[in-house]
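> Sequence unavailable; structure follows:
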């Protein structure tokens, strides 16, 4: 884990992940246009996801699977890697503990993508897993983002104090 955190903490990696995060995030607009509305990822529970799934044509479902297997495979890697990289860079000895929410976010997003891909392929009964996976994904993302922001603020305060002295 130390090698991964050291890699993610490098400035070029953080910058790359930030740029990729922004570009991939913007590309979801086009994915939503292709599927005729919001992606299943934005449905917060299985009932809403099932309703959204029922409203899609077979062509829209096919496009959604493509978006899920491409964009939404790389997207969690970028935002999870970015948040973990920031924490790994600036949290010193606490980084192994503080990166956990970022990694949980990636794992939950991948699990949600798996469930949604199967549901889009016809196994709609698996959507009940969204009732756990989607809140877990968003909660861990928010926690990871707050941790990264606090770590950045503390690093900035520390850097400012050093500059003054």
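Yep, it's here. Only a predicted model underlies this, so the values are computations on that prediction, with no experimental measurement involved.

> Looking at the longest helix that the chain contains now, give me its mean pLDDT.
Longest helix in the chain, counting residues (DSSP state H): helix 130-164. Taken as a whole, helix 130-164 has a mean pLDDT of 95.

> can you check stretch 32-42 too?
Per-residue pLDDT values over stretch 32-42 give a mean of 93.

> buried sites along the one helix or strand residue 85 maps to?
Mapping residue 85 onto the secondary structure by DSSP states H and E places it in helix 71-90. Across helix 71-90, burial judged by 16 or more other CB atoms under 10 Å covers 71-72, 75-90. No exception for glycine: its C-beta is placed from N, CA and C like everyone else's.

> Geometric centre of this protein: which residue is closest?
Residue closest to the average C-alpha location in the chain (CA atoms, centre = their mean): residue 76, at 3.3 Å.

> any idea how far that residue is from residue 108?
Using CB to CB, to the nearest Å, residue 76 is found at 8 Å from residue 108.

> what angle do the longest helix of the chain and helix 71-90 make?
If you take axes from the mean of the first three to the mean of the last three CA atoms, to 10 degrees, helix 130-164 sits at 30 degrees to helix 71-90.

> related to what we said a few turns ago, pretty sure the residue nearest to the centre of the chain contacts residue 106?
Yes: between residue 76 and residue 106 there is a contact at 4.6 Å, judged by CB atoms under 8 Å.

> Any figure for the gap between residue 12 and residue 46?
41 Å.

> neighbour-wise, which of the two wins?
Applying other CB atoms under 10 Å to residue 12 and residue 46 shows that residue 46 carries more neighbours, namely 22 against 7.

> Please name the residues that touch the more buried one.
127, 128, 129, 130, 131 (CB atoms under 8 Å, 6 or more residues apart in numbering).

> how about a cut-off of 6 Å?
127, 128, 130, 131 (CB atoms under 6 Å, 6 or more residues apart in numbering).

> Now do the second one: how many residues are near it, please.
Around residue 128 sit 16 other residues, with neighbours defined as other CB under 10 Å.

> Now do the contacts for it.
Neighbour list for residue 128: residue 46 [criterion: CB under 6 Å, 6+ apart].

> In three-state terms, label it for me.
Put simply, residue 128 is helix when judged by DSSP: H, G, I helix; E, B strand; the rest coil.

> Could you tell me how far it is located from residue 117?
Shown here: residue 128 relative to residue 117, a distance of 15 Å by CB to CB.

> The last one now?
Residue 131 sits 17 Å away from residue 117 when distances are taken as CB to CB.
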